[in-house]
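Novice: Got a predicted structure plus its sequence, pasted below:
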Amino acid sequence: MNTGFTAEIEHLSFAYGDGHQALRDVSLGIRPGEKVALVGPNGAGKSTLMLHLNGILRPNSGAVRVGGLTLDDKTVGRVRARVGLVFQDPDDQLFSPTVFDDVAFGPIYQGLAEREVRARVARALADVHMQEYIDRVSHHLSVGEKKRIAIATVLAMEPEFLVLDEPTAGLDPRARRGLITLLRALPQTMLISTHDLRMVAELLPRTVVMDGGRIMADRPTAEALADAALLAAHGLEL
């Protein structure tokens, strides 16, 4: 086992119950501190791959390791504590009466003492520059504000690895710029699934291209985005 990876996927294959083969022999290693783009057309298998990284889905064959832990029934709780999964739609993660309650949910579920819960909420909201929103009602916020709070809900769990699905989708230019600046400042290792290739060029030094459930390319971002034939073959446009 190579413990030099924050996350390591080996020969991962997965089919849904209807027989659709979503992942085909996927292998990928992400090292500590890397910020990696996951790009490809809709239906490429990106979301399916991401859901394997914290055990929401389990492989038909192959293995997933996070922080040296192989994901299985015994380790899934510890793996989930290390992986912060941020969905495309923040309303999938915000369901409590106030911002404080949303961000506190994970630490409370972990069984932490009230003092530590409050400290984690304060740190997470500071990390996303939303401290003053602590008593606001999450569902009354803008999309950009909701996305920041959704990120805070996973930061409160103190993960080492962030997995984000289309973080800039639906944002106006100012909110998009602010979110990119925020993600750049966070220290966690990141895997970001996105169609926003301008963000990829600016934020993510490595790009993994998926299509048809397979990894088609894994290159430095500048090299991948300069390959017009690669982009065209997999439905990508700058």
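Specialist: That came in fine, so what should we check first? Numbering: from 1, shown residues only.
Novice: From here on, just use CA atoms for contacts and neighbour counts.
Specialist: Fine.
Novice: residue contacts, the most centrally placed residue in the chain?
Specialist: In the chain, the centroid-proximal residue (CA atoms, centre = their mean) is Val163; its distance is 1.4 Å. Contact analysis of Val163 by CA atoms under 8 Å, 6 or more residues apart in numbering lists 50, 83-86, 190-193.
Novice: element containing it?
Specialist: strand 161-165 (DSSP states H and E).
Novice: partners of that strand in the sheet?
Specialist: strand 83-86 (parallel), strand 189-193 (parallel) (DSSP bridges).
Novice: Tell me the first helix or strand C-terminal of it.
Specialist: Per DSSP H and E, the helix or strand that comes after strand 161-165 is helix 173-185.
Novice: For the protein, give me the ranges with low pLDDT.
Specialist: Across the chain, the ranges flagged by pLDDT under 70 are 1-3.
Novice: let's go with 90 and repeat that
Specialist: 1-5, 68, 81, 110, 139, 237-238 (pLDDT under 90).
Novice: For it, just list every one of the strands.
Specialist: Remark: strands assigned in the chain by DSSP state E are 7-15, 21-30, 35-39, 61-66, 69-70, 83-86, 161-165, 189-193, 206-211, 214-220.
Novice: wait, what's in contact with the nearest residue to Arg184 once chain neighbours are set aside?
Specialist: For Arg184, ignoring the flanking residues on the chain, the nearest one in space by CA to CA, 6 or more residues apart in numbering is Leu203 at 6.5 Å. By CA under 8 Å, 6+ apart, the residues touching Leu203 are 35, 180, 184.
Novice: Pull up the gap between Leu203 and Met130, please.
Specialist: Note on Leu203: its distance to Met130, by CA to CA, to the nearest Å, is 22 Å.
Novice: Count the neighbours of the nearest residue to Pro187 once chain neighbours are set aside for me.
Specialist: Distances taken as CA to CA, 6+ apart place Gly33 nearest to Pro187, at 6.8 Å, with adjacent residues excluded. Other residues near Gly33 come to 15 when the count uses other CA atoms under 10 Å.
Novice: May I have the residues that are in contact with Gly33?
Specialist: Neighbour list for Gly33: 187-190 [criterion: CA under 8 Å, 6+ apart].
Novice: Now for the residues you listed, which sits with the most neighbours around it?
Specialist: In terms of neighbours by other CA under 10 Å, the contacts of Gly33 top out with Met190 at 26 neighbours.
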